[in-house]
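Participant: Give the three-dimensional model of this entry:
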Amino acid sequence: MSREHVRRRLEAIMFADVVGYSRLTGQDEVGTWRRLRLLIRDVVRPEVTTRAGRIVRLKGDGILVEFPSAVEAVASAVALQQAMALWNLNSAHVQRIELRIGINLGDVITNDEDIHGDGVNIACRLEPLAEPGGICISATVYEHVRAKLPFPFEHRGERTLKNIAAPVQIYSLGPEIIAGLPRDDARSDASNKSWLRLIAAFAVACLCTAALWMLWQHLTTPSEKVVTKTASHDFAVRMISRLRPLNRTR
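Facilitator: Numbering: from 1, shown residues only. Predicted coordinates:
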């Protein structure tokens with residue numbers, strides 16, 4: 001039997017789960033499935049990829065995402081919950097989809113497609129401890145983000161998580177706190193930067209055109225200018241003379 005080489009790396013893991021998914025599917029199975037697919041396409045995927053995240057696995061109502069940075073993972077989770085709140089404004093109360101999010105920073109076993117290990121398991125165990133619309137993180141994540149992100153996490157003490165050997169210190173952000181935080185929309189920033197680059201390129205092109213025109217005016221002799229002007233005048237006269245018979249016909 002071949003022995004596959006085990007690869008490990010340190011990753012920030014975000015696990016998101018839909019609140020009351022069984023209830024939602026019981027009310028409208030097909031509609032809930034469609035709304036969730038739409039949500040992942042239009043909200044979740046753009047938010048996480050903007051901050052270098054990668055959706056590793058979609059299983060039922062669970063979304064597993066990896067980030068190269070704890071800061072990016074937490075910033076993405078906050079932006080995602082804010083985007084979710086806006087997305088739900090257009091939905092009836094019974095159709096709203098809310099997420100709980102757990103984030104951990106740890107060593108993971110990886111292949112080209114999937115990730116495993118305690119780093120992943122702890123993130124999955126933290127998710128149910130978050131409020132609907134909220135975030136729960138481990139102490140390892142908190143130590144990396146507390147001086148870099150202005151988020152007022154609440155310390156909720158030490159918890160024993162299912163099938164995890166050592167207790168974990170946890171911190172949380174509730175939905176009310178998240179709603180009051182300023183939006184840091186990286187996608188809008190990227191879009192604005194693209195527009196600014198486009199406007200700057202257009203301005204440069206206009207300046208170059210104007211400079212070339214002035215240079216042509218400077219280098220062209222007076223006689224060449226008269227010839228050019230006369231040619232333009234003759235062309236206009238010919239066009240007018242061709243149009244006159246058409247006007248008489250009408």
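Participant: now P152, nearest residue through space, not along the chain?
Facilitator: Nearest residue to P152, sequence neighbours excluded (C-beta to C-beta, 6 or more residues apart in numbering): I177, at 6.2 Å. The way it works is simple: take the backbone N, C-alpha and C, and place the C-beta from them, glycine included.
Participant: The one you found - how many residues pack around it?
Facilitator: 17 (other C-beta atoms under 10 Å).
Participant: S22 too?
Facilitator: S22 sits with 10 neighbouring residues when counted by other C-beta under 10 Å.
Participant: One more: the one 4 residues further on?
Facilitator: A count of neighbours around G26, defined by other C-beta under 10 Å, yields 10.
Participant: One more: the one 5 residues further on?
Facilitator: Applying other C-beta under 10 Å, we find 12 residues neighbouring G31.
Participant: again, but for the one 10 residues further on
Facilitator: Burial of R41 is recorded as 10 neighbouring residues (other C-beta under 10 Å).
Participant: what about it, distance to R35?
Facilitator: R41 is 11 Å from R35, where distance means C-beta to C-beta, to the nearest Å.
Participant: Could you do D42 as well?
Facilitator: 10 Å.
Participant: When those two are compared, which one has more neighbours?
Facilitator: Taking other C-beta under 10 Å, D42 and R35 do not tie; R35 has more neighbours (18 against 12).
Participant: And the lowest mean pLDDT element among the helices and strands of this protein?
Facilitator: Lowest mean confidence among the helices and strands of the chain (mean pLDDT, DSSP states H and E): helix 186-219, at a mean of 50.
Participant: what sits against the nearest residue to R7 once chain neighbours are set aside?
Facilitator: With sequence-adjacent residues excluded and distances taken as C-beta to C-beta, 6+ apart, R7 is closest to T110, at 5.3 Å. By C-beta atoms under 8 Å, 6 or more residues apart in numbering, T110 lies in contact with R7, R8, R9, E11, H116.
Participant: Next one, pLDDT for T110 please.
Facilitator: For T110, the pLDDT comes out at 84.
Participant: What average pLDDT does stretch 84-101 get?
Facilitator: For stretch 84-101, the mean pLDDT works out to 88.
Participant: how long is it end to end?
Facilitator: End-to-end span of stretch 84-101 (C-alpha to C-alpha, to the nearest Å): 12 Å.
Participant: same question, stretch 63-77
Facilitator: End-to-end distance (C-alpha to C-alpha), stretch 63-77: 12 Å.
Participant: now the helices: where do they sit in the chain?
Facilitator: 21-27, 29-39, 45-50, 70-88, 118-126, 139-145, 175-180, 186-219, 222-249 (DSSP state H).
Participant: low-scoring stretches of the protein, by residue?
Facilitator: For the chain, applying pLDDT under 70 flags the ranges 1-5, 112, 185-250.
Participant: mind giving me the domain split of it?
Facilitator: As assigned by automatic domain parsing, the chain contains the domains 7-183, 188-249.
Participant: Mean neighbour count, those domains: which tops it?
Facilitator: Using mean count of other C-beta atoms under 10 Å, the stretch among those with the greatest mean number of neighbours is domain 7-183 (a mean of 18).
Participant: Confirm for me that I109 is in contact with I115.
Facilitator: Yes: at 6.9 Å, I109 counts as touching I115 under the criterion of C-beta atoms under 8 Å.
Participant: so who does the residue nearest the centre of the chain touch?
Facilitator: Nearest residue to the geometric centre of the chain (C-alpha atoms, centre = their mean): E47, 2.5 Å. By C-beta under 8 Å, 6+ apart, the contact set of E47 is S76, A79, L80, A83, R187.
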